[in-house]
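S.K.: no FASTA, just this:
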């Protein structure tokens, strides 16, 4: 009962989102009239070829960018008109990012990397405890004091996931998280993301690969800045089954 | 909040250590600037104490009378080489009379000039000090050989001369000087004495002069009637103020000056305490001026800091993007880079203070070795100033790079290759 109620709760509501870049006289339309909703606990893949606008969409949804027009509500709150610092606050409190190129801090330990979002959070205590717990949950409890140049690519991405989780966000954005990994590590990452989704986390995966996108429960296909298709995955791939990503 | 600053500091140190050579080179400007300021302040203080100590050995119980009126506490015009003829031999004689100025125990009057002394084939350019016999008591002169001239010789245009030790050395070398005849301005003088070596005190070389009786100097050598300076010794330091006002009253009366406020005076009375103050003021001004010049190099250092911080911001663009992505706002980013700039300059400042103190100590040690009574003084103010200024340099020159970092667009920054 509680689960079904929670599933109904809207996290993201996008209405007629548009994004244009103006370079002198030339206007490039990156996103046009994008509308959709995402509820809590969903695992959505935003899929499309490069240049389709999927990354821009993720940036807008993740408070890194603003739409040129349209409405964006996050947990019922109007986002479009917020100031820079308010967006920074929301990025810190409400979302976590996993990037293709990991974006870990160099010359910094795994633990300190994961603690990074907490240093910008004004209310958190027991920072070390929380960071350690999250790192253990992604299987990196033994790497706490390693420097980021001493661990493998798959481990780096797991550190990045831990960093995305450490603030207990409402939504996790993963932008081509397996793009820089070998297939074995890629599978591990998808398994972690699926597990996190099973635990109730809302996940938005951005990818250009159909295969990767089929690990999600729902796919939103973007092409030329428009939603081409939006459907539930009928035959979902489970990383746990040992399938290897190509 | 505190945690954030600690983290910020940690990041700063890590960034500094990541590029050790670069950080050090960046700091050198600040290090050199700060140590230069410290050295100048310390050496200045040492030199000042040396000069003041020497002036004190001249006696703080002396009163000087200079021709011409002084502005406020500044020196009278006669110091600047303008000839003022208001003081006469008779003024000096009157000052020495105890009914006029009871606290004065001895008076010496001077008329000074320069000239060439010749003995045989040797000649030497030196200072000629026409003075009264009071010199021996007032200036605590000591004769090494022969004698000083006496009262009669002072008045009757005797052609006698007493040599300072340097002059004796230059003209006669090892030979006996007393009894010999020397020529000054084509006139013949008998050397009757040689003074003991005394050295340079407060910019004045006591050994490089020839003493002549004042009348002889005025009439036969210089061709003038006025005095350049009168010095009086007071029986007790406590009576200086009384003696000064007695002398002022006496001279006003003798010069027919009715205005007793001092505004109409054609002379200036100074005591050693005032001289000490004046020397302090002058040397302080010199020190601060030099320190300010040295501080200029801090600005150059600051520009270096700004340059490196700009490189730093560019190099770490992705890091800035990531930090923004995980929730850092513009102020967080700006603070971090400011903190880094300040860390560099503060560290450079501290190293500069240590090097500056070390070199100042070496200089003091060297001065001691050369036999000067040199005090090793590092004014605490100069340390505080150096540290604060170096922090300020970091703040000022870190501001622009920090703002540039804060203004970066997170998406652009994350994409930066």
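M.R.: Received the coordinates, thanks. These figures come from a predicted structure and were not determined experimentally.

S.K.: So which residues of chain A form helices?
M.R.: Per DSSP state H, chain A carries helices over the ranges A:2-8, A:54-61, A:84-94, A:110-119, A:127-137, A:153-165, A:183-198, A:210-213.

S.K.: Among the ones you listed, which one carries the weakest average confidence?
M.R.: The minimum mean pLDDT among the helices of chain A belongs to helix A:2-8 (a mean of 50).

S.K.: nearest residue to the residue of chain A found nearest chain B other than its sequence neighbours?
M.R.: Using CB to the nearest CB, residue A:92 is the residue of chain A that sits closest to chain B, at 2.3 Å. All C-beta spots, glycine's among them, are computed from the backbone N, C-alpha and C. Leaving out its chain neighbours, the residue that sits closest to residue A:92 by CB to CB, 6 or more residues apart in numbering or on different chains is residue B:327, at 2.3 Å.

S.K.: where does the one you found land in three-state SS?
M.R.: When classified by DSSP: H, G, I helix; E, B strand; the rest coil, residue B:327 comes out as coil.

S.K.: repeat for the one 5 residues further on
M.R.: Of the three states, residue B:332 takes helix according to three-state DSSP.

S.K.: Residue A:119 against residue B:7, yeah?
M.R.: Yes: with contact defined as CB atoms under 8 Å, residue A:119 reaches residue B:7; the gap is 4.4 Å.

S.K.: okay, those two: which has more neighbours?
M.R.: Applying other CB atoms under 10 Å in any protein chain shown to residue A:119 and residue B:7 shows that residue A:119 carries more neighbours, namely 24 against 18.

S.K.: how far away is that one from residue A:148?
M.R.: Residue A:119 sits 16 Å away from residue A:148, taking CB to CB, to the nearest Å as the criterion.

S.K.: Please apply the same query to residue B:415.
M.R.: Taking CB to CB as the measure, residue B:415 falls 20 Å from residue A:148.

S.K.: ok, those two, which is more surrounded?
M.R.: Just comparing residue B:415 and residue A:148: by other CB under 10 Å the higher neighbour count belongs to residue A:148, 20 against 13.

S.K.: Looks like that one contacts residue A:112 (just checking).
M.R.: No: the pair residue A:148 / residue A:112 is not scored as a contact, 9.2 Å apart, by CB under 8 Å.

S.K.: In contact with the residue nearest the centre of chain B, which residues are there?
M.R.: The centre of chain B sits closest to residue B:283, judged by CA atoms, centre = their mean, with a distance of 3.1 Å. The neighbourhood of residue B:283, defined by CB atoms under 8 Å, 6 or more residues apart in numbering or on different chains, consists of B:44, B:47-48, B:51.

S.K.: still on that earlier bit, so what sits against both of residue A:148 and residue A:112?
M.R.: Counting by CB under 8 Å, 6+ apart, the shared contacts of residue A:148 and residue A:112 are residue A:105.

S.K.: Can you get me a residue count around residue B:391?
M.R.: Neighbours around residue B:391, by other CB under 10 Å: 16.

S.K.: Is it in contact with residue B:342, as I believe?
M.R.: Yes: the pair residue B:391 / residue B:342 is scored as a contact, 5.6 Å apart, by CB under 8 Å.

S.K.: what residues are up against residue 134?
M.R.: Unless you meant another one, I'm taking chain A. Contact analysis of residue A:134 by CB under 8 Å, 6+ apart lists A:114, A:162, A:165-166.

S.K.: could you do chain B instead?
M.R.: Residue B:134 touches B:96, B:106-109, B:231, counting by CB under 8 Å, 6+ apart.

S.K.: Mind pulling up the pLDDT for residue B:99?
M.R.: On pLDDT, residue B:99 comes in at 86.

S.K.: hmm, I was thinking of residue B:54
M.R.: Residue B:54 carries a pLDDT value of 76.

S.K.: Any idea how far the helix or strand harbouring residue B:114 is from the middle of the chain?
M.R.: Assigned by DSSP states H and E, residue B:114 falls within strand B:104-119. With CA atoms, centre = their mean, to the nearest Å as the basis, strand B:104-119 stands 26 Å off its chain's centre.

S.K.: Could you pull out the buried residues of the helix or strand following it?
M.R.: Per DSSP H and E, strand B:104-119 leads on to strand B:122-131 as the next helix or strand towards the C-terminus. Within strand B:122-131, the residues that count as buried by 16 or more other CB atoms under 10 Å in any protein chain shown are B:124, B:126-131.

S.K.: for the nearest residue to residue B:130 once chain neighbours are set aside, what are its contacts?
M.R.: Nearest non-adjacent residue to residue B:130, counting by CB to CB, 6+ apart: residue B:217, 2.3 Å away. The contact partners of residue B:217, by CB under 8 Å, 6+ apart, come to B:111, B:113, B:128-131.

S.K.: between the residues you listed, which is nearest residue B:260?
M.R.: residue B:111 (28.3 Å; CB to CB).

S.K.: just checking, residue B:135 touches residue B:108?
M.R.: Yes: Residue B:135 is within contact range of residue B:108, at 4.6 Å (criterion: CB under 8 Å).

S.K.: quick one: contacts for residue B:161?
M.R.: Applying CB under 8 Å, 6+ apart, we find residue B:161 in contact with B:117, B:182, B:184, B:189-192, B:210-212.

S.K.: If any of those are buried, put those into a PyMOL selection.
M.R.: With 16+ other CB under 10 Å as the criterion, this PyMOL line picks the buried residues out of these:
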select buried, chain B and resi 117+182+184+189+191+192+210+211+212
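
S.K.: Next, the closest residue to residue B:23 other than its chain neighbours: phi, psi?
M.R.: Of all residues not flanking residue B:23 in the chain, residue B:16 sits nearest, at 4.5 Å (CB to CB, 6+ apart). Backbone torsions for residue B:16, taken as degrees, to the nearest 10, come to phi -70, psi -40.

S.K.: ok, residue B:16 - how many residues close by?
M.R.: A count of neighbours around residue B:16, defined by other CB under 10 Å, yields 18.

S.K.: Contacts only, for it.
M.R.: So residue B:16 contacts B:23, B:340, B:343-344, B:347 (CB under 8 Å, 6+ apart).

S.K.: now the residues you listed as CSV including neighbour count, distance to residue B:301 and pLDDT?
M.R.: Putting these into CSV (neighbours: other CB atoms under 10 Å in any protein chain shown; distance: CB to CB, whole Å; pLDDT from 0 to 100) gives the following:
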residue, neighbour count, distance to residue B:301, pLDDT
B:23, 18, 13, 86
B:340, 30, 15, 90
B:343, 21, 14, 89
B:344, 29, 10, 89
B:347, 20, 12, 91
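
S.K.: Specify which member of these is nearest to residue B:65.
M.R.: residue B:347 (56.3 Å).
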